[in-house]
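> Coordinates only, no sequence provided:
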């Protein structure tokens, strides 16, 4: 099996004539859109709206292909200067198009009655939600000239600072046992069965961050200040308010979820204290033992074995899911192993024009890597439900983005536990709990940290020491006595790319949302069996065209009520009790 993904289906390289043809077509279509806007007078008629939407569709399809290709190439080789130059080229095109895009949004916002117009056109009917949300967001647009300036400025501001963080963390050399390894490799050692390796890797990781902490501190300060400034200029109450509106999620839903999590933090601390005691620690768990495997399992999986395990496991849930997984492994959708210049972590990128996805992992063969693959393939399954939708309806928001992926992790874990006994059961149960702890407790700490950074960076520049203090304070609030306060992770703000997007703030609470929403959905699946799957697929398909609360209602759930979130957390509490026994 080839363990590196294939991008040939997009372009054979930057010298592929099709690449240049698409780049030229993008430039022409941006000009066409500008001409359509200039030709418009007064409130748009149905034909005007259809023409604008079709032009936006062409631009979106070209961007999905061009930018998708470039970002995928950069993710596996962050030192490729030719790719960076092309990314800047496309970004400059879009910066130049910013005033046109702003004018389009304002023109579409002038539609007097979207519902009435939708009765006249199938295209407009398909974009009813899109147009209504555009009407809301148009109220936050600046002048066309200002939008152009902001977009152009971003190339050497927020976007550039984000690229710096990605470059530094993917290229920093980590000294370990007389050799130099990548950050991804050293972070994977946190899962080693050898306690000495885990601690040595933790110490080497922290030492490596010292080399880049100041540069990354400049990145996070400047990105957050840019976001704060633009949120104010656009008339949002705060960056969080802007994020929630972009996510089509109410503050009531976020508050209900966070309140429930706050009440259940002692449950997670009980698990951590128990794990600490089993490993011989009296003052809580040191950070470097968070991912220590427990129970007995020396089993690792080759990519071929991972393929069979996942396909067998998910065929019981959905044959469609299992078939898609086979295609992903067999047709080179997945880039498996760490290597120099490759980004850390994992992600799934949809390629709508191919009706495929691409998945990046840093595979180490342990069961946790199987879970990562299941997670990312859940994203791919979500993308599959949208493959026949119109181009402007491909994008779903942050919270629901983590639902299908987390659902897959839950199904994988439950399947594995069915036949496991003794030490193997302990291993699987604890493996699930440490992942739950990450998506609930650690995400809670990241939410606290990012909130504090936004608040404090308004009045002062946060040096590396300040950021480390904020991070450890957030970890203490979230983990409490579950962790040993002498061994926290002050640099967790350096390695998490989620903080370094100027267009996407608070990419933390969506993971907790996805986890708890998926737990609630999985309970429904256990009750309803096969009847659940069509409803689930329909809900996933509706995510780009519905609010978060509407998605919940499709499954019979009121997400603004704390009770739902509490019921999901009770499932984790039951697992903690079994672990402690």
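Perfect, I can see it now. All values derive from a computational prediction rather than experimental measurement.
> what element comes up after the worst-scoring helix or strand of the chain on mean pLDDT heading to the C-terminus?
With mean pLDDT, DSSP states H and E as the measure, the helix or strand of the chain carrying the lowest mean pLDDT is helix 144-155 (a mean of 86). Going down the chain from helix 144-155, the next helix or strand is helix 158-171, by DSSP states H and E.
> Tell me the confidence at residue 296?
pLDDT, residue 296: 79.
> quick one: it from residue 424, how far?
7 Å (CB to CB, to the nearest Å). Heads up, the C-betas are built off the backbone N, CA and C, glycines and all.
> more neighbours, the two?
residue 424 (16 against 12; other CB atoms under 10 Å).
> And that one, which helix or strand is it part of?
Assigned by DSSP H and E, residue 424 belongs to helix 422-437.
> Need the contact partners of that helix.
268, 271-272, 275, 290-291, 293-297, 367-368, 371, 409, 413, 416-417, 420, 515, 572, 575-576, 578-579 (CB atoms under 8 Å, 6 or more residues apart in numbering).
> Can you flag the buried ones in the residues you listed?
Buried residues within the contacts of helix 422-437, counting neighbours by 16 or more other CB atoms under 10 Å: 268, 271-272, 275, 290-291, 293-294, 297, 367-368, 371, 409, 413, 416-417, 420, 515, 572, 575-576, 579.
> returning to what we had before: for the helix holding residue 424, which residues meet the burial criterion?
424-437.
> Mind putting these into CSV with pLDDT?
Shown next, in CSV, are these (pLDDT from 0 to 100):
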residue, pLDDT
424, 85
425, 90
426, 92
427, 88
428, 89
429, 92
430, 93
431, 86
432, 90
433, 95
434, 92
435, 89
436, 94
437, 97
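> Pick the one among those residues closest to residue 31.
residue 435 (48.5 Å; CB to CB).
> Now do the closest one against residue 71, distance only.
Distance of residue 435 to residue 71, computed by CB to CB: 27 Å.
> do residue 156 as well
Using CB to CB, we find residue 156 at a distance of 19 Å from residue 71.
> These two: which is more packed in?
Higher neighbour count among residue 156 and residue 71: residue 71, with 15 against 10, using other CB under 10 Å.
> and the helix holding residue 424, how far from the chain's centre?
24 Å (CA atoms, centre = their mean, to the nearest Å).
> How about residues contacting the helix or strand that it is followed by?
Per DSSP H and E, the first helix or strand lying C-terminal to helix 422-437 is helix 443-456. By CB under 8 Å, 6+ apart, the surrounding residues in contact with helix 443-456 are 220, 224, 227-228, 238-240, 258, 261-262, 265, 462, 466-467, 470-471, 473-475, 477-479, 492-493, 496, 498-499, 505-506, 508-509, 511-512.
> list the helices and strands the lengthiest helix in the chain packs on?
Secondary structure assigned by DSSP state H gives helix 195-233 as the longest helix of the chain. With contacts taken as 3 or more CB pairs under 8 Å, 6 or more residues apart in numbering; DSSP states H and E, helix 195-233 sits against helix 158-171, strand 174-176, helix 183-188, helix 239-246, helix 443-456, helix 464-479, helix 492-495.
> Give the buried residues for that helix.
Using 16+ other CB under 10 Å as the test for burial, helix 195-233 gives 197-202, 204-205, 208-209, 212-213, 216-228, 230-231.
> pLDDT of that helix, averaged?
For helix 195-233, the per-residue pLDDT averages 97.
> Now for residue 1, how many residues are close by?
Neighbour tally, residue 1, other CB under 10 Å: 12.
> Please tell me how far it sits from residue 357.
Residue 1 sits 17 Å away from residue 357, going by CB to CB.
> again, but for residue 485
Distance of residue 485 to residue 357, computed by CB to CB: 41 Å.
> Of the two, give the one with the bigger neighbour count.
A direct count of neighbours by other CB under 10 Å for residue 485 and residue 357 places residue 357 higher, at 25 against 14.
> Assign a three-state SS to that one, would you?
Per DSSP: H, G, I helix; E, B strand; the rest coil, the local secondary structure of residue 357 is strand.
> Walk me through the domains of the protein.
17-156, 170-294+434-500, 303-424+515-580 (automatic domain parsing).
> gap between the longest one and the chain center?
When you say that, I think you mean domain 170-294+434-500. The answer for domain 170-294+434-500 is 15 Å, by CA atoms, centre = their mean.
> How about the first one?
Counting by CA atoms, centre = their mean, domain 17-156 is centred 23 Å from the centre of its parent chain.
> hmm, back to that, filter the buried ones among the contacts of helix 422-437 down to just the ones in helices.
268, 271-272, 275, 367-368, 371, 409, 413, 416-417, 515, 572, 575-576, 579.
> Check those and tell me the two furthest apart.
272 and 416 (22.2 Å).
> Could you check how far residue 25 is from residue 389?
Residue 25 is 22 Å from residue 389, by CB to CB.
> can you confirm residue 566 is in a helix?
Yes: residue state for residue 566 (three-state DSSP) corresponds to a helix.
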